[in-house]
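Visitor: need a 3D model of the sequence below.
(chains A and B)
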Protein chains: 2
Amino acid sequence: MSEAATKAERLSRTLAVDAMGGDSAPDVVVAGLEIAAERHPNAIFLLFGDETRLAPLVARTKRLKNCATIRPTSEVIGNDTKPTAALRMRDASLRRAIDAVAAGEAAGVISAGNTGAILALAKIILKTMAGIDRPAMAAIGPSARGDVVMLDLGANVVYDSRNLVEFAVMGEVFARIVLGLPAPTIGLLNIGSEEMKGDDVLRRTAEILRESPIGKQFHGFVEGHDIAGGTVDVVVTDGFTGNVALKTGEGALRLVGDLLRKVFTAGIAARLAYLLARPGLKRLREWLDPRRYNGAVLLGLNGVVVKSHGGTDDQGFAHAVDVAMDMIVNNFNARIAANVALIPSQTKAVQPEPTAG
Amino acid sequence: MSEAATKAERLSRTLAVDAMGGDSAPDVVVAGLEIAAERHPNAIFLLFGDETRLAPLVARTKRLKNCATIRPTSEVIGNDTKPTAALRMRDASLRRAIDAVAAGEAAGVISAGNTGAILALAKIILKTMAGIDRPAMAAIGPSARGDVVMLDLGANVVYDSRNLVEFAVMGEVFARIVLGLPAPTIGLLNIGSEEMKGDDVLRRTAEILRESPIGKQFHGFVEGHDIAGGTVDVVVTDGFTGNVALKTGEGALRLVGDLLRKVFTAGIAARLAYLLARPGLKRLREWLDPRRYNGAVLLGLNGVVVKSHGGTDDQGFAHAVDVAMDMIVNNFNARIAANVALIPSQTKAVQPEPTAG
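Guide: Residues are numbered from 1 along each chain as shown, chains lettered A, B, ... in the order given. Next up is the predicted model:
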């Protein structure tokens, strides 16, 4: 291989890691990477963070010590740091990790840190891909038919029909890669499935999608219950609605989980029942386990950006690394670029109407 | 009692019923009213609908035949009838039932029919109360601390800060009456609980609420997971977000319910486990039963308006009647009027910004 080819091959399996982001960093980050390293034996990890803390943690691992390089940094962006302040911290672990993607040293970046700072820094440093106006945050959740992709989850509260079309295009590629579906179906979240429902932005978005090259995969409008109902593989919405819907669904699942725990600890018969039904209940819990869905992805930037939940454990962090590696190895961004080129240019993007008093 | 006092007393326990609305009308409507009549022995029901179908159904009841009057109507608004077409059907059961409220013959109206038609007809015929700009649809759902009220659920997709403040004021009175809480807490749905989150409309709404007479009950911003989490008693949001959140939560609960059914039917051990845990599981199912939460209320009109789910059964319809009777007997509208008068006039209502492309 030529030197350039070697470099490109190495890049295609290198992930930059903000080792200081998250509630239990860097311990959980290192432990999670060690788990992920077994599943991705060719991966190379660049760890950005406090060397004095990272070095002994990495040294104690079996796999990571062979595939991880520590890049010392001196600053840490806290959970309460405002994005504007985060932008000024030039030697922050998150900043340096994103810089590594921009510099062509890594194909993607992962952080369990401050979401606002990740969004702001990633947008400014990596910039949006050609043909994409705004990036979107996507994640996977459980549904009656398996898994469902939803986006945007909060990267944008300001949007127009062009943005929603781009979200659909990006979500479709994401579902193909991460869910392994050949032709994922797409729904546009609305408050009714009839064509007349919703505002002009949603109606215009539906029109554009119907006429687009992914028109056959476009199911039309879907409603809130269709998300867990598994009506479609990809649910497209704006960042405000998506964020509320995601957290509402998580809250409902948590409520039932808590209530079930009470049911099965309320007396001897109930405890015995739990033992008898344990295999099924365990599968159910594992399937609904938030850690299995950890790893929200910021789509549409020049580089793969994955945000892990700040409070997750090593298994959850490892899952977020899986998502990042899937996208890197499958050349996610090049496939989005190919899809975006197929969408007819939308000369008249419709914006949400200003409301009447 | 004077004739006027007698008439007022009679009005204060009279409910107009659209007997033809809903998937299994009029059978389920009559059966549901019969159940409700036992819980509300003083209630008077005016049944609007097809007399030839209603008369034999009512004659067969034990209680309803003594407290219900049939008002024959000749038209039925279908589930697919557009609001504009519904407005032209002068002798529709729904129309005539709402007319009865406007004419002072009933204090409220209930229908399991077409939501769009109910909204349109109720707004046009009953009109908004003095001091209220737009009505809002409210409902009750399960939460970790008991029950939670959410509004708006879809009456408005166009709104400003003044509307959201009015929703909070109306939701507070609703929670006092229907949940029986002396001082319900209120949260404004957003994508983060920090003060800086959300758009200008949400920030301005929070400011107004904080300075209002119900300021002490205002908790600030809440997120999607706070709805089922029980962080507050009343969750205030716009109609688009509220509709999506409600249906997303319902969908998540339904998914877990379906999965649990599979777990407990997968083999002999699992079936035995179900029998052992049955009391607790039954309580759980009853508590999460959508029928227990049936009855969305349109707040802010001159008259009580309750929308039952179109697919509910007699128990579900009876619950929606309970909600309507609670509001009528407790003089809901007069109490809202008293609360609205306390809110300082909001000279500068903030509207959602038009978005940048």
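Visitor: could you list the low-confidence segments of the stretch 1-150 of chain A?
Guide: Counting by pLDDT under 70, the stretch 1-150 of chain A contains low-confidence ranges at A:1.
Visitor: that one against chain B: which residues are in contact?
Guide: A:Lys82, A:Asp133, A:Pro142, A:Ser143, A:Ala144 (C-beta under 8 Å from any C-beta of the partner chain). C-beta: built from backbone N, CA, C; applies to glycine.
Visitor: again, 7 Å this time
Guide: Selection of the stretch 1-150 of chain A residues close to chain B by C-beta under 7 Å from any C-beta of the partner chain yields A:Pro142, A:Ala144.
Visitor: nearest spatial neighbour of the residue in the stretch 1-150 of chain A positioned nearest to chain B, skipping sequence neighbours?
Guide: Minimum separation of the stretch 1-150 of chain A from chain B (C-beta to the nearest C-beta) falls at A:Ala144, amounting to 5.6 Å. Using C-beta to C-beta, 6 or more residues apart in numbering or on different chains and skipping the chain neighbours, the partner closest in space to A:Ala144 is A:Gly230 (4.0 Å).
Visitor: please, which helix or strand holds A:Tyr320?
Guide: Slight slip there: residue A:320 is Ala, not Tyr. helix A:314-329 (DSSP states H and E).
Visitor: kindly report the same for A:Ile191.
Guide: Going by DSSP H and E, A:Ile191 is not in any helix or strand.
Visitor: mind listing what's buried in stretch A:7-16?
Guide: Of all the residues in stretch A:7-16, those buried under the rule 16 or more other C-beta atoms under 10 Å in any protein chain shown are A:Leu11, A:Arg13, A:Thr14, A:Leu15, A:Ala16.
Visitor: picking up where we left off before, now do the contacts for the residue nearest to A:Ala144.
Guide: A:Ser143, A:Ala144, A:Arg145, A:Gly146, A:Val148 (C-beta atoms under 7 Å, 6 or more residues apart in numbering or on different chains).
Visitor: repeat that for A:Ala92.
Guide: A:Thr73, A:Glu75, A:Val76, A:Ile77, A:Ala86.
Visitor: ok, A:Met137 next?
Guide: Contacts of A:Met137 (C-beta under 7 Å, 6+ apart): A:Leu151, A:Asp152, A:Leu153, A:Gly154, A:Ala155, A:Ala296, A:Leu298.
Visitor: same thing but at 6 Å, please
Guide: Taking C-beta atoms under 6 Å, 6 or more residues apart in numbering or on different chains, we find A:Met137 in contact with A:Asp152, A:Leu153, A:Gly154, A:Ala155, A:Ala296, A:Leu298.
Visitor: try A:Ala139
Guide: With C-beta under 6 Å, 6+ apart, A:Ala139 has these contacts: A:Leu153, A:Ala296.
Visitor: restricting to C-alpha, output the helix or strand hosting it in PDB.
Guide: Using DSSP H and E, A:Ala139 maps to strand A:136-143. Output in PDB follows, covering the C-alpha atoms of strand A:136-143 (Å, rounded to 0.1, in the frame of the first residue of the first chain):
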ATOM      1  CA  ALA A 136     -29.800  16.500  13.000                       C
ATOM      2  CA  MET A 137     -29.600  14.300  16.100                       C
ATOM      3  CA  ALA A 138     -30.800  10.700  15.600                       C
ATOM      4  CA  ALA A 139     -31.300   7.800  17.900                       C
ATOM      5  CA  ILE A 140     -32.700   4.300  17.900                       C
ATOM      6  CA  GLY A 141     -35.500   3.100  20.200                       C
ATOM      7  CA  PRO A 142     -37.700   0.000  20.700                       C
ATOM      8  CA  SER A 143     -40.800  -0.600  18.600                       C
END
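Visitor: how about the most centrally placed residue in chain A, nearest residue that isn't a chain neighbour?
Guide: With distances taken as C-alpha atoms, centre = their mean, A:Ala296 lies nearest the centre of chain A, 1.8 Å away. Distances taken as C-beta to C-beta, 6+ apart place A:Ala139 nearest to A:Ala296, at 4.3 Å, with adjacent residues excluded.
Visitor: and stretch A:75-87, how far out from the chain's middle?
Guide: Relative to the centre of its chain, stretch A:75-87 is centred 21 Å away, using C-alpha atoms, centre = their mean, to the nearest Å.
Visitor: contacting residues around that stretch?
Guide: In contact with stretch A:75-87 (C-beta under 6 Å, 6+ apart) are residues A:Met20, A:Met89, A:Asp91, A:Ala92, A:Leu94, A:Gly113, A:Asn114, A:Gly116, A:Ala117, A:Ala120.
Visitor: what of stretch A:16-30?
Guide: In contact with stretch A:16-30 (C-beta under 6 Å, 6+ apart) are residues A:45-49, A:53-54, A:57, A:76, A:93-94, A:97, A:100-101, A:106, A:109-113, A:310-311, A:314, A:317.
Visitor: what segments of chain A are helices?
Guide: Per DSSP state H, chain A carries helices over the ranges A:3-11, A:27-39, A:51-59, A:64-67, A:83-87, A:93-102, A:115-126, A:161-178, A:200-211, A:224-229, A:239-263, A:268-288, A:314-329, A:332-342.
Visitor: spit out the contact partners of A:Leu46.
Guide: Contacts of A:Leu46 by C-beta under 6 Å, 6+ apart are A:Ala16, A:Thr69, A:Arg71, A:Ala100, A:Ala106.
Visitor: if we go to 8 Å?
Guide: A:Thr14, A:Leu15, A:Ala16, A:Val17, A:Ala68, A:Thr69, A:Arg71, A:Ala97, A:Ala100, A:Glu105, A:Ala106 (C-beta atoms under 8 Å, 6 or more residues apart in numbering or on different chains).
Visitor: report the mean confidence score over the helix holding A:Ala320.
Guide: In this model, helix A:314-329 has an average pLDDT of 94.
Visitor: distance of the closest residue in space to A:Thr231 that isn't next to it in sequence from A:Lys82?
Guide: Take A:Thr231 and drop its neighbours on the chain: the residue closest to it by C-beta to C-beta, 6+ apart is A:Val222, 5.4 Å away. Distance, A:Val222 to A:Lys82, by C-beta to C-beta, to the nearest Å: 35 Å.
Visitor: if we can go back for a sec, in PyMOL, select just the buried ones from the contacts of stretch A:16-30.
Guide: Here is the PyMOL command that selects the buried residues among these (16+ other C-beta under 10 Å):
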select buried, chain A and resi 45+46+47+48+49+53+54+57+76+93+94+97+100+101+106+109+110+111+112+113+310+314+317
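Visitor: show me the two of the contacts of stretch A:75-87 that sit farthest apart.
Guide: For the contacts of stretch A:75-87, the farthest-apart pair by C-beta to C-beta is A:Asp91 and A:Gly116; their separation is 19.2 Å.
Visitor: between those two, tell me which one has more neighbours.
Guide: A:Gly116 (20 against 12; other C-beta atoms under 10 Å in any protein chain shown).
Visitor: number of residues surrounding the closest residue to A:Asp233 other than its chain neighbours?
Guide: Nearest residue to A:Asp233, sequence neighbours excluded (C-beta to C-beta, 6+ apart): A:Pro184, at 3.7 Å. By other C-beta under 10 Å, 21 other residues sit near A:Pro184.
Visitor: please apply the same query to A:Thr241.
Guide: 27.
Visitor: tell me the contacts of it?
Guide: A:Leu189, B:Phe240, B:Thr241, B:Val244.
Visitor: could you redo the last one with a cut-off of 10 Å?
Guide: Residues near A:Thr241 by C-beta atoms under 10 Å, 6 or more residues apart in numbering or on different chains: A:150, A:152-154, A:157, A:159, A:189-191, A:224, B:191, B:238, B:240-241, B:243-245, B:248.
Visitor: one more: A:Arg261?
Guide: Contacts of A:Arg261 by C-beta under 10 Å, 6+ apart are A:Tyr274, A:Arg285.
Visitor: how about A:Leu202?
Guide: A:161, A:164, A:188-191, A:221, A:236-238, A:350, A:352, B:157, B:240.
Visitor: among these, which ones are buried?
Guide: Buried residues within the contacts of A:Leu202, defined by neighbour count using 16+ other C-beta under 10 Å: A:161, A:164, A:188-191, A:221, A:236-238, A:350, A:352, B:157, B:240.
Visitor: pLDDT added to these, as JSON lines?
Guide: Shown next, in JSON lines, are the buried ones among the contacts of A:Leu202 (pLDDT from 0 to 100):
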{"residue": "A:Ser161", "pLDDT": "93"}
{"residue": "A:Leu164", "pLDDT": "95"}
{"residue": "A:Leu188", "pLDDT": "97"}
{"residue": "A:Leu189", "pLDDT": "96"}
{"residue": "A:Asn190", "pLDDT": "94"}
{"residue": "A:Ile191", "pLDDT": "90"}
{"residue": "A:Phe221", "pLDDT": "95"}
{"residue": "A:Val236", "pLDDT": "98"}
{"residue": "A:Thr237", "pLDDT": "97"}
{"residue": "A:Asp238", "pLDDT": "94"}
{"residue": "A:Val350", "pLDDT": "59"}
{"residue": "A:Pro352", "pLDDT": "60"}
{"residue": "B:Val157", "pLDDT": "77"}
{"residue": "B:Phe240", "pLDDT": "93"}
